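Chemist: for reference, the sequence and a predicted model appear below.
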Amino acid sequence: MKYACPICKKPTDSNNDAEFPFCSERCRLLDLGAWSSEKYVVSAPIFDEEEIPEVHRRALREGKRKTDETIQ
């Protein structure tokens, strides 16, 4: 799998680079440092799951998307 290093954008290959998706240990450690210093964060949910009606919540869990017409 070919990919660009997320830090320096050099091309990397999952078959050849032990540090994949990074091109080197340096880039891997820079990424780890960014996470540990909270430069990167996992975003909060866009909506509160408690605000979703149960039928929509069930559809989301099942991976189905239902329209308002099919729910009523």
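Modeler: Thanks, I have the structure now. What you see is a predicted model; the values in this text were computed from it and never measured.
Chemist: ok, the nearest residue to D13 once chain neighbours are set aside - contacts?
Modeler: Nearest residue to D13 in three dimensions, chain neighbours excluded: K2, at 5.5 Å (CB to CB, 6 or more residues apart in numbering). The C-beta positions use only the backbone N, C-alpha and C, and glycine is treated the same way. Taking CB atoms under 8 Å, 6 or more residues apart in numbering as the criterion, K2 is in contact with P11, T12, D13, S14.
Chemist: tell me how many other residues crowd C27.
Modeler: C27 has 19 neighbours, counted by other CB atoms under 10 Å.
Chemist: in the stretch of helix or strand it belongs to, what's buried?
Modeler: In this structure, C27 sits in helix 25-36 according to DSSP states H and E. Within helix 25-36, the residues that qualify as buried by neighbour count (16 or more other CB atoms under 10 Å) are C27, R28, D31.
Chemist: got a markdown table for the residues you listed, with distance to A18 too?
Modeler: Shown next, in a markdown table, are the buried residues of helix 25-36 (distance: CB to CB, whole Å):
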| residue | distance to A18 |
| --- | --- |
| C27 | 12 |
| R28 | 10 |
| D31 | 15 |
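Chemist: for the residues you listed, which one is nearest V42?
Modeler: For these, the closest approach to V42 (CB to CB) belongs to D31, at 14.4 Å.
Chemist: before we move on, the earlier item: relative to D31, how far out is the residue nearest to D13?
Modeler: As for K2, its distance to D31 is 19 Å (criterion: CB to CB, to the nearest Å).
Chemist: which residues in this protein form helices?
Modeler: Assigned by DSSP state H, the helices in the chain fall at 25-36, 54-62, 68-71.
Chemist: and of the buried residues of helix 25-36, the nearest to Y40?
Modeler: Checking the buried residues of helix 25-36 against Y40 by CB to CB gives D31 as the nearest, at 8.1 Å.
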